Each structure stands twice: as C-alpha cells, then as structure tokens.
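J.: Need a 3D model of the sequence below.
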Amino acid sequence: MTQLQVRKMRFGFADHDVPFLWNETNPAFSAMANAVSFLAIAFEKMIVTTMAEAKPLLTEPVIAEEADAFTRQEGQHSMAHRQHARGLIKAYPALKETLDAVIAAYDELVETKPLKYRLAYTADLEATFTPVFKLMLDHDDTLFAPGDDRVASLFLWHFVEEVEHRSSALIIYDGLVDDPWYRMRVAPSIFKHVMDVVRLACDGFNKHIPLEVRKVDAVSTFALERRKNQFLTRIGRRPDYGPLANAFAHLPKREMAAALAGIVRSQIPGHNPEHEKLPVLAGEWFDRFDAGYDVTQWYTAGKKVADV
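T.: Predicted coordinates for the structure are as follows:
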C-alpha cells in the first residue's frame, strides 16, 4: 500500500503581484527557480500523460496504486506552478511565449518517444531530485527564507513531496520495463533534453525580463552555461544579458560534491532511492503539516499567529 499523501495547496499568487526577483538576495537562484516552475508544468504534464498510458499495463495492484498516488501528487504540483507562472505572466505577458515553448518541447517528447523512453525519462530525472533538493533544503535559510513567502513555500512543498515519492518513478519503471541498463543508456539524451528546456526558459527570461529586474543573466546558475556564454559573449556571438553569478557559491563545497555524487549514483543500475540521506527540513515539513500548520506560508504563518 502506498504511503504517499495527496495534499492540495493554494499559495495566494492571485492576492498580489508575483515578483520575478522573488529572492532579492540571490537573483541567480530566483531565475533558476522560476525556470524550474516553467519546466515543472511541462514535465508533470508529460508524467500525467505517460502514467495514463502505463497504468492499464500494470498487473501488480501495489504498483498501480503507487502510480495513481504519484500521478495525483504531480498533478497538484503542476497546478500550483501554473498559478506561479500565471502571476509572472500577468506582470510580463510575453513570458506566455516562453511557457508555451517549454510545454511544446515536452508535448513533442510525448508524440515522438515511446512509453518505455518516457518512463525512463521520469525515473532518471526523479532519481536526481533527492540529492539535489537535499542540498537546497539544507540551506533554506539563504535560498528560500529571504524571499517572497508564497514562492518559497511553493518550492519547499514541491521539493519535500519529491523526497516523499523519491522511489515511485523507479518502482513504476521497473514494474513495466525492468531494464536498468536501458535507463542508464538513455540518460545522456534525457539530461540533454532537460538542459535544453531549462535553457529555453532562461533565454525567454533574458529576452522578456529587463536586466534591472532580473539583475543577472538568467542562465547564471548552470556552470556549463556560464562558461559557454561568457565565451560567446566575449566573441560577440551572444548578447550581453548581464552579469553571470553562481546561486550556490556560498554553499560548502563538500556538500556540493556530495550532491553531485548523489546525482551520478542515482543513475547506476541497482540504485535504491529509499537509501538516500534525507533533508531534515522534509521531516519538519511533514510534522508541521500533520499538526495543522499553514505550510503555504512557511516562514510567516507562525509570526502572524504570534502577532495576533
């Protein structure tokens, strides 16, 4: 029986303007998170379509139940990120063009790639989330807390639920395909596609968001992109979209290395996400949710209660 819980969240993005630079202390992280929001909408739409194809083929009731709960969690994530994106597009209408392009990239994947590949895509990418999100959640005091609480709380919820269902995509893949070597073999093309879509979103941000708003080149967070774009800008092959910054420069190098090792380990046949080290914040989040705390205002709900 699955242990996943489907939680419906609303983050008040319609209440007042949604800033692009939602964490003013870290513009590079703000841009990266906004790109993740756009990608999440498209990727999770692909997941829902893929699981709809897969579920009739699942013969094990336990795996079918896992697929259903996983799909419903991802559907809630997509809905919440659409609310975030809608707020950004309200302020910068041309961003709809960018979001449409990101969604189209995943729609094309659904049209051109077989179910086996899309299940591998989901399993491979989901496997990386626990080490990556652990790094971020372990440093929420600098990455999330200084920012707009609606945006910060959206990402905290999404990331802890990704930790919660860290094994789901692999369970479903193994239930239908059960070929770890295929999953590893197609991983390079999968991560190239992910980076192409992220670059598509960031290019749209650079095109449609003024530098005085975003403060940095929107591709700043990604080391390979920083190096490549510095070179292209220097030789005049790419416009100068502003300074390139590293959102994670202040994090301990040892923890950065551990996250990278976790990403590599996640793609090796035999990897079991259940054995991953989990962020402490995830446990705190689930305890607070169960106790009735308003997790849609993670950093300010407690203060508001105290003020009353």
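J.: packing partners for the longest helix seen in the chain?
T.: Ordering each helix of the chain by length in residues (DSSP state H) puts helix 61-91 first. Judged by 3 or more Cβ pairs under 8 Å, 6 or more residues apart in numbering; DSSP states H and E, helix 61-91 is in contact with helix 27-54, helix 95-112, helix 149-164, helix 168-176. Glycine gets a C-beta too; all of them are placed from N, C-alpha and C.
J.: between that helix and helix 95-112, how many degrees?
T.: Using axes from the mean of the first three to the mean of the last three Cα atoms, to 10 degrees, the direction of helix 61-91 lies 150 degrees away from that of helix 95-112.
J.: quick one: buried residues of helix 61-91?
T.: 63-64, 66-78, 80-85, 87-89 (16 or more other Cβ atoms under 10 Å).
J.: Stretch 191-198 now?
T.: F191, H193, V194, V197, V198.
J.: Quick check: which element contains G242?
T.: Using DSSP states H and E, G242 falls within no helix or strand.
J.: What number of neighbouring residues does it come out with?
T.: By other Cβ atoms under 10 Å, 17 other residues sit near G242.
J.: Check the one 5 residues further on too.
T.: Under the neighbour criterion other Cβ under 10 Å, A247 is assigned a count of 22.
J.: cool, and D287?
T.: 10.
J.: Can you read off the pLDDT for it?
T.: According to the prediction, D287 has pLDDT 97.
J.: Next, it: phi, psi?
T.: Main-chain torsions, D287, degrees, to the nearest 10: phi -60, psi -40.
J.: Tell me how far it lies from H250.
T.: Distance, D287 to H250, using Cβ to Cβ, to the nearest Å: 28 Å.
J.: And the longest helix of the chain, how far out from the chain middle?
T.: 11 Å (Cα atoms, centre = their mean, to the nearest Å).
J.: can you give me the mean pLDDT across it?
T.: 95.
J.: Could I get the contacting residues of E274?
T.: R166, S167 (Cβ atoms under 8 Å, 6 or more residues apart in numbering).
J.: so Y293 sits right up against Y299, yeah?
T.: No: look at Y293 against Y299 with Cβ atoms under 8 Å: they stay out of range, at 11.5 Å.
J.: got a list of what L4 touches?
T.: With Cβ under 8 Å, 6+ apart, L4 has these contacts: E66, A69, F70, Q73, E164, H165, S168.
J.: I should have written K113 there, sorry.
T.: Y121.
J.: Next: W157.
T.: R7, M9, A80, W285, V295, T296.
J.: With S168 instead?
T.: If you count contacts by Cβ under 8 Å, 6+ apart, then S168 has L4, E66, A67, A69, F70, E126 around it.
J.: how about 10 Å then?
T.: S168 sits next to 2, 4, 51, 63, 66-67, 69-71, 73-74, 122-123, 126, 162, 273 when contact means Cβ atoms under 10 Å, 6 or more residues apart in numbering.
J.: That one and T296, how far apart?
T.: S168 is 24 Å from T296, by Cβ to Cβ.
J.: Same question for H250.
T.: 27 Å.
J.: Next: E108.
T.: E108 is 34 Å from T296, by Cβ to Cβ.
J.: More neighbours: which of those two?
T.: T296 (18 against 11).
J.: what about the more buried one, is that helix, strand or coil?
T.: Here T296 takes the helix state, with states given by DSSP: H, G, I helix; E, B strand; the rest coil.
J.: List the contacts of it.
T.: If you count contacts by Cβ under 10 Å, 6+ apart, T296 has them with M9, R10, F11, G12, A80, D149, R150, S153, L154, L156, W157.
J.: In PyMOL, how would I pick out whichever of the residues you listed are buried, leaving the exposed ones unselected?
T.: What follows is the PyMOL syntax for the buried subset of the contacts of T296, where burial is set by 16+ other Cβ under 10 Å:
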select buried, resi 9+11+80+149+150+153+154+156+157
